[in-house]
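**Student:** Just need the structure, nothing else, for what follows:
(2 chains)
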Amino acid sequence: MATHCKDYEFLQIEPHWQTFWETHHSFRAVDDTSKPKYYVLDMFPYPSGAGLHIGHPEGYTATDIIARYKRAKGFNVLHPIGWDAFGLPAEQHAVKTGTHPAANTAANIANFKRQIKALGFSYDWERELATTDEKYFRWTQWIFLQLFKRGLAYVDERPVWWCPELRTVLANEEVVDGKSEVGGFPVERRNLRQWVLRITAYAERLLADLKDVDWPDSTKRMQEAWIGRSEGAEVSFALENEKLGALKVFTTRPDTLFGCTYMVLAPEHPLVDALTTSEQRDAIAAYRRQAAAKSDLDRTDLAKGEKTGVFTGSFAINPVNGARLPVWVADYVLMGYGTGAIMAVPAHDERDYDFAVQFKLPIIQVIDSGKPDQKLPFIDDGKLINSGPFNGIDWNEAKKRLTADLAAKGRGKTTVNYKLRDWLFSRQRYWGEPFPIIWVTESDYAKAAAHPASAADLPSSPVTYKDSATDTTWFALPVAASTLPLVLPEVQSYLPSGNGESPLANVTEWLEIWLNLATGAFVPASQPRPDGCNWIRGRRETNTMPQWAGSCWYYLRFIDPKNDKTFADPKLLAYWGVPDLYVGGAEHAVLHLLYARFWHKVLFDLGVVPQSEPFTKLFHQGIILGEDGEKMSKSRGNVVNPDTINTSHGTDTLRLYLMFLGPLEAMKPWNPNGIEGVHRFLQKIWRECLSREGEVNSKITLDDSAAESAEFVKLFHETIKKVGDDIENLRFNTAISQMMIFSNALQKAERVNRRTVLGFLQLLAPFAPHIAEELWSRLGGTTVSVLQAAWPQFDPAKLVSTEQKIIVQINGKKRAEFLLPVGSNQDAAFAVAQAHSDVTPYLVGKNLKRVIFVPGKILNIVIE
RNA sequence: GCCCUCGUGGUGGAAUGGUAGACACUAGAGACUUAAAAUCUCUUGUCCGUAAGGACGUGCCGGUUCGAGUCCGGCCGGGGGCACCA
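**Tutor:** Numbers count the residues shown, from 1 in each chain, chains lettered A, B, ... in the order given. Coordinates of the predicted model:
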């Protein structure tokens, strides 16, 4: 079965074993529910035109080691891979060249697949999937329908970047310095109709359930910060113009209410118009236009220097003391958080302070820290001053008292606010999943709501939008799930429609339809209305879903990738569950991982997945920097291509080197010299196993009768233990060190049993699987493939020593060391130490103060 | 600004509060060879010393401890994330 090469010809050996594994379906995950399962998953890649980056094989090697190790430990392992294949680059390429993005995507996938296969990863290729495959996105669309039905999807006007010159919507990354990346044209903020997912409805659970997952603490904290829960009070400020009702604000500092000297509204706040006096109208209008052109990010960036704002001319009344408060408009207040309005307390808030100084507004200190130098703004704790009946009360107590007081008057209540915003879920692009939604008139929607075939698919309150041009309100009707997938039509041009809609808006035959409420069938509206009373007129949604959609649930599809009845069989979902280990970059710490958690919880609530969290254990591999210690990038010219190393040293060397570089989670620079080291290590193993003629090395005793030294046997068992422990803890660098230590001992041993060498090859196999297979086979391993052999067991009895090294310290400094029988007590150790020539001189004429003895380790003699 | 991380030889890195520098790279010396490559052996933190040996040493300053790379406080530096979130 093996090759016949005499030297370590990795270019021959590696393809040979890759073919062997493929023809034997070695990595097929069988749905065998009698065995314990282990599901190990990589974050699937976006197949870019640039091909594999060296960072990809880093994480993939780690999971491959785990997968191979778990198989040897008797687990039924699911280790799949697929393609996150929708994405902007393919669309941009299509716009430029006019070729269908699917063609470009397919070519990129083929290249990625070739590169990944050359690395010898033990993926179950029979479960490969791509998010662009209609058999896949059929279920992405199905999940969207479930969100829609549960009222978790709605339509709203949201600001997006619009480039009038290109007549298209741009993503944040396509806007550079306020200009379009392509062409450098000016861009502006423009409100467009968007689909939004109500992730905020899950904010509390997304936060609370973080405690149940085994994730890096830093990632948990980032998600916590992103969700941004804060407790505070909602307070109503009466307006002087009583007709306008009250102005509601959110504050985390109700204790500072007496220090409020003005109010601020976000420029987009609905009350701005009504509050603006005629003298201020022009200034306010100009300010609002200016603010509308900025993204939230710009607002924050620009605000580093000075604050901007305009007085509305109106006043509000402070509910605690009746003070008259001017109402301002300023873009440092965001419409998207809280109520879009704040009470400003300049003495105890930095932003309010800066603003008050800028516009010469009064500043009243109401918290006293009791310390001598109290520089304003002052945001720490203290006791209340200048606060009427609340003076002298501790701030924490004051928060409760003041809120309760307001609540009693009907002017406030305690509330919880989240930074988390609802998720903007649509793109005005071609290359994405079409929304399975048809826009119909109110009367047709009523028909659908009354029809038994469609009534159950509708949300409890309809999703609508008002087309201001025609003054028509449109109602969102879901397509029948049975008609999915809703595939992308062919288009003439991949350029956007020009009016803010995607290229799909130009495909009239696809867009305008007759829809049958009973069957879900449709025909183009260009044809006459078919007979029967169930046909209604509709226009398809032209937005497509963002790239996140497909990656939100792919880990579930791997469990049952070919199922065309449901997204995955419930029995298989129950067996395989969710990934036991998920490995990928920390750059996805918030968005991907939060979105996927949200969808998973929705599916959990639907009762279609059995657990409430998708990723039990998460690990982030570190970034590999270029040789120069900088981030790898084309422009720096420090990019390493895995193909190059595969050809020059072989993939076993590359895999081993990537793991030997340092801790998996660390950021570490690429160092080409290190590759030679691990390559030599593999060559040494080759030489110790095979002679120059390619026969079994004569030092290896085939009948296992060699008398190996106790020391060597002990090292072997230590190596089994350490390699196993290190793999379990993803400490691959130290596992490899241990194997190097063993190989050095192997080389020095005069005779060694075949059994021992085979055991060592098993330890090596997850890391360097090709050479391990080759040598296993050439040495006459007990099974055809090393994959079939059970992971070696270490014998704890073999790890026990009879002697232990004792370190002698004088006042904490090492002075001597000697061996003692295991279990020796302090007296025995002290007796030997006292007589030791390296110790005695230090003890002469000194008073013994104290002796610390750590059995088997250290004897510290403290003297004066 | 806030949060998170990391600072150990010439280099990548190792070290449950208990021998700092495992393992590897680089460099040097030697063995083998006609020679070279490969391989093997030895040396390789700094300083003093011919040596034996000693002193110093994990970014800096302090603390806890019999004992600190590890724990605590402060500072300096690198990297990452978030950011007018009321």
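**Student:** hang on, residue A:46 packs against residue A:85?
**Tutor:** Yes: if you go by C-beta atoms under 8 Å, residue A:46 and residue A:85 touch, sitting 7.3 Å apart. The way it works is simple: take the backbone N, C-alpha and C, and place the C-beta from them, glycine included.
**Student:** Quick check on the two: which one has the bigger neighbour count.
**Tutor:** More neighbours surround residue A:85 than the other of residue A:46 and residue A:85, with 27 against 19 (other C-beta atoms under 10 Å).
**Student:** For burial, what's the neighbour tally of the nearest residue to residue A:347 once chain neighbours are set aside?
**Tutor:** Nearest residue to residue A:347 in three dimensions, chain neighbours excluded: residue A:365, at 4.4 Å (C-beta to C-beta, 6 or more residues apart in numbering). Residue A:365 has 19 neighbouring residues, counting by other C-beta under 10 Å.
**Student:** do the one 10 residues further on as well
**Tutor:** Using other C-beta under 10 Å as the criterion, residue A:375 is surrounded by 5 other residues.
**Student:** Which secondary structure state does it sit in?
**Tutor:** Of the three states, residue A:375 takes coil under DSSP: H, G, I helix; E, B strand; the rest coil.
**Student:** Residue A:481 versus that one, what's the distance?
**Tutor:** Residue A:375 sits 63 Å away from residue A:481, going by C-beta to C-beta, to the nearest Å.
**Student:** next one: residue A:339
**Tutor:** For residue A:339 relative to residue A:481 (C-beta to C-beta), the value is 39 Å.
**Student:** and what of residue A:772?
**Tutor:** 48 Å.
**Student:** Between these two, tell me which one has more neighbours.
**Tutor:** Under the criterion of other C-beta under 10 Å, the comparison of residue A:772 against residue A:481 puts residue A:772 first, with 27 against 16.
**Student:** So which residues of the stretch 651-800 of chain A form strands?
**Tutor:** For the stretch 651-800 of chain A, applying DSSP state E, counting those that start in this stretch gives strands covering A:668-669, A:700-701, A:752-753.
**Student:** Let me see the residues that make contact with the second one.
**Tutor:** The set of residues external to strand A:700-701 that reach it, using C-beta atoms under 8 Å, 6 or more residues apart in numbering, is A:689, A:751, A:752, A:753, A:754, A:757, A:779.
**Student:** what's the spacing between it and its chain's center?
**Tutor:** Mean-position distance between strand A:700-701 and its chain equals 50 Å (C-alpha atoms, centre = their mean, to the nearest Å).
**Student:** Adjacent strands (with direction) for it?
**Tutor:** Sheet pairing for strand A:700-701, assigned by DSSP bridges, gives strand A:752-753 (parallel).
**Student:** Rounded mean pLDDT for the partner strand, please.
**Tutor:** Mean pLDDT, computed over strand A:752-753, is 94.
**Student:** For it, give me every contacting residue.
**Tutor:** A:699, A:700, A:701, A:704, A:705, A:706, A:708, A:712, A:746.
**Student:** Out of the residues you listed, flag the one nearest to residue A:231.
**Tutor:** residue A:746 (62.8 Å; C-beta to C-beta).
**Student:** Now the closest one: closest residue in space that isn't a chain neighbour?
**Tutor:** Going by C-beta to C-beta, 6+ apart, residue A:746 has residue A:688 as its nearest residue, at 5.3 Å.
**Student:** Residue A:407 now?
**Tutor:** Residue A:407 sits nearest to residue A:413 (C-beta to C-beta, 6+ apart), 5.3 Å away.
**Student:** Report the secondary structure state of the one you found.
**Tutor:** Under three-state DSSP, residue A:413 comes out as strand.
**Student:** The helix or strand bottoming out on mean pLDDT in chain A: what's the following helix or strand?
**Tutor:** Using mean pLDDT, DSSP states H and E, the weakest-scoring helix or strand in chain A turns out to be helix A:296-302, at a mean of 57. Reading on from helix A:296-302 to the C-terminus, the next helix or strand found by DSSP states H and E is strand A:310-317.
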